[in-house]
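Student: Pasting the sequence and the predicted model now:
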Amino acid sequence: MKLGFTPKEERFRAEAAAWLEGQLSGPFRDMRGLSGQGGLPLRRREWERALGAARWSCIGWPEEYGGRDASLAEQVIFAEEYARADAPGRLGYMGVELAGPTILAFGTDAQKRRFLPPIARGEELWCQGYSEPNAGSDLASVRTRAVLGEGLEARHWVINGQKTWTSFAQFADWSFVLCRTEEGSRGHRGLSYLLIPMHQSGVTVRPIRQMTGGADFNDTFFVDARTDAENVVGAVGDGWKVAMATLSFERGVSTLAQQMSFANELRAIMSAAEANGLIQDPQIRQRLAHAYIGLRLMRYSALRMLASAEAGKLSNEAYTYKIFWASWRKKLGELALDVLGPRGEIAAGASYEWELLPRLFLGSRADTIYGGTSQIQRNIIAERALGLPRESRSS
Amino acid sequence: MQFAHSEEQQQIRASARALLSARAAPAQLRETLRTPGGYDPKLWRTLGDLGWMGLAVPEQYGGAGLGWVELCLLQEEQGRRLVASPFFATSALAAPLILLCAHEAQRRELLPRIAAGELRIACALSGSDGRPPPDGIGVSLASSVQGFTLSGVSDFVIHGDSADLLLVLARTALPQGMDGLSVAAIPVTTAGVSVYPHVMLDLTRPMSRVEFHEVSVQREQLLGEPGAAGRAVEEALDLARIALAAEALGGAEQTLEMTTAYLKERVQFGRPIGIFQALKHRVADMMTEVEAAKSAAWYAACVADERREELAEAAAIAKSYCCDAFFNCAANAIQLHGGIGFTWEHEAHLYFKRARATATLLGSPAWQRERLVRGFASGKSATPIF
């Protein structure tokens, strides 16, 4: 057990902090504190490129692909400093945290050379094509089909189908898509993990309006869309394994960055409670303490996960992390509205648009649904981590 | 930065677990609970021979010089087995209090005897209402011709009926809060000391009321300077809270394992009941709490060794979260075991009662949370929110 950092790591911290401070007080002053997908897309792309140019985008990656070969401790330090500087949420998230690590783990050398540097430079943005209208919790029942063309067309996959809940699709240059490549296959078999360019006539993106009033995610339609035959990660037919590995990358250092936005929300609730005097209310005080404790525990659990990841195992805390934070944040949303009181139910302007805390109240209802519902998470914990018998699934 | 137990630490855990599963299995625990004093003297001697009591005592005082992380591993493993012994009171509460509070000569006299397993110490800290000090302290210290006099009542004294030595927290007449506190170290046989054991809700942690009738105390029996023990008491209490959190974590882990095993073996409707989602989801929630409790307890133990400036906050977080988690897990264990879980014969109730009593001890979860809010509302929080 060791919590402290070495002098070398502390020097790394100073370097990162200085760069972030210089950017966010200088050319990117307007970006400080932006969360989610808010703000001008053009500015957010510029921020991604600035991170990339200074090689701060994917520091854990090998140098040859635009990273710094940074140790886990250094990645933790950078996430902490990024948070402390109140730097904006990453538009490049899907590429940096999901597509990139998957390609690093399963891709060919040619794929790594082609796809990793533009992600690290902040030039190509990605989105994830997993869920479909009829493949939600039962993800293995995806129906989007990909077929290798024949004759002159044999150099392409031709893709048809619909993906849904594709966050960032409106900005993305590429998508990683779970497709059925074996005619007549069912379930986990016969799936492949394809990389598909978004800018082509066969791909249409249609925003989905959510209960928050905003539209952060989309339906994505593939109608005879194409991608080169070599753009499959892992073997053809091995897509399920690759897709599941991608999900496990979501439990990495990026969870520390996610906690940063949670901390901002909690801070805003505390300020509101101090401003309107509810900080004196014993019940509100208890709930604030619960929220604070939950946030700290997420941080400690993330540090444990990183230590386990370094030891190369998927640990117990990784199984329970998602359900912990998602349940926590939903309660935080309820606390937010209780602290705001009746005024919290009045929008600031003439449209259905909300400030941070009402947005948290509404938005957090999705947390226990996306990325595996809390009910599915509980099944996974009980069956895989605790070894309880599986229910027989109808075929 | 490596937030995981080292190989040596894992070895300490493994050997503790092996020893306790041989020497403190459920049948032996039952036996111990019928023993006067409520602990197993043979096991206590073994633990002493193995150096458990001195694990976190510095080497210059005859201990192994390891840290709170290691001591908390022993606490966690004892928590799994509900080991009833003066270990917590002696090594996790009295030892740090002596280390933080006493003069060098007193340390040199007392700590080696703790490390050698020769002393069972009970701490008389709370008054009759059981609130954590400094509230409700029921013993006062007055100057007298020969030295000092202790009078009053202390209650909730853990293993008070089997202790050799008492550490008594007493207040000099006027001051409030943590000011004006003294700690006296007196043999339990001192004239004017009477010990009355209670029947406790928790069968595994005996407690007594201790009365002090004009008890004469010599100057050298006061640890450190008279009236100046406040800060040391505060710090020692937080260290003890962290040790209790580790113990609660062990209890929570054990109830989770017991329950999971039962769901696999119990058959109803022709199937092991663990196949039903209504039950799966409850054990999944137990595991989620157990994992978060590990993070809380382990981090707090690290803080005790490495970052004392965060101690109060880490202790409040660990004590409140781990105790709540233990209670929820123990309550679920009863429910998921069905009728058998409600019997005296099954051990689920022992965990449930221990969970409740551990939550109460040294400040309830709600009390810890209030303390946290006071910390950050006053801007005194040691750590930024992120």
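Tutor: Nice, thanks for sending it over. Numbering: from 1, shown residues only, chains lettered A, B, ... in the order given.
Student: Quick one: name the residues of the stretch 1-150 of chain A near chain B.
Tutor: By the rule CB under 8 Å from any CB of the partner chain, the part of the stretch 1-150 of chain A lying against chain B is A:M1, A:K2, A:L3, A:G4, A:F5, A:E9, A:L72, A:A73, A:V76, A:E80, A:A83, A:R84. Every C-beta, even on glycine, is put in place using the N, C-alpha and C of the backbone.
Student: Of these, which belong to helices?
Tutor: A:E9, A:L72, A:A73, A:V76, A:E80, A:A83, A:R84 (DSSP state H).
Student: got those residues as CSV, with distance to B:L66 and neighbour count columns?
Tutor: Listed next are those as CSV, based on distance: CB to CB, whole Å; neighbours: other CB atoms under 10 Å in any protein chain shown:
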residue, distance to B:L66, neighbour count
A:E9, 25, 15
A:L72, 26, 17
A:A73, 24, 19
A:V76, 26, 21
A:E80, 29, 20
A:A83, 34, 21
A:R84, 34, 16
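Student: Could you identify the most distant pair in the residues you listed?
Tutor: For these, with distances taken as CB to CB, the pair at the greatest spread is A:L72 and A:R84 (18.6 Å).
Student: Is it correct that A:Q128 falls within a strand?
Tutor: Yes - when DSSP: H, G, I helix; E, B strand; the rest coil is applied, A:Q128 is found to be in a strand.
Student: And the nearest residue to it once chain neighbours are set aside, how far from A:E124?
Tutor: For A:Q128, ignoring the flanking residues on the chain, the nearest one in space by CB to CB, 6 or more residues apart in numbering or on different chains is A:M94 at 5.6 Å. In this structure, A:M94 lies at 11 Å from A:E124, with CB to CB, to the nearest Å as the measure.
Student: Counting neighbours, go ahead and name the busier of those two.
Tutor: A:M94 (25 against 20; other CB atoms under 10 Å in any protein chain shown).
Student: residue boundaries of the strands in the chain?
Tutor: If you meant another chain, say so; for now it's chain A. With DSSP state E applied, chain A shows strands at A:126-129, A:145-148, A:156-164, A:174-180, A:191-197, A:203-208, A:217-228, A:232-233, listed in chain order.
Student: hmm, I had chain B in mind actually
Tutor: For chain B, the strands identified by DSSP E occupy B:121-124, B:139-143, B:148-158, B:165-172, B:181-187, B:193-197, B:207-217, B:267-268, B:271-272, in order along the chain.
Student: Give me every residue in the stretch 1-150 of chain B lying close to chain A.
Tutor: Proximity of the stretch 1-150 of chain B to chain A (CB under 8 Å from any CB) is limited to residues B:M1, B:Q2, B:F3, B:A4, B:H5, B:S6, B:Q9, B:V69.
Student: hmm, which of those are the buried ones?
Tutor: B:M1, B:Q2, B:F3, B:A4, B:H5, B:Q9, B:V69 (16 or more other CB atoms under 10 Å in any protein chain shown).
Student: Next step: those residues restricted to helices.
Tutor: Secondary structure assignment (DSSP H) places B:Q9, B:V69 from these within helices.
Student: so can I have CSV of the buried ones among the residues of the stretch 1-150 of chain B next to chain A showing pLDDT and distance to B:F156?
Tutor: Formatted as CSV, the entries for these read as follows, by pLDDT from 0 to 100; distance: CB to CB, whole Å:
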residue, pLDDT, distance to B:F156
B:M1, 79, 39
B:Q2, 84, 38
B:F3, 90, 34
B:A4, 92, 36
B:H5, 95, 32
B:Q9, 97, 32
B:V69, 98, 28
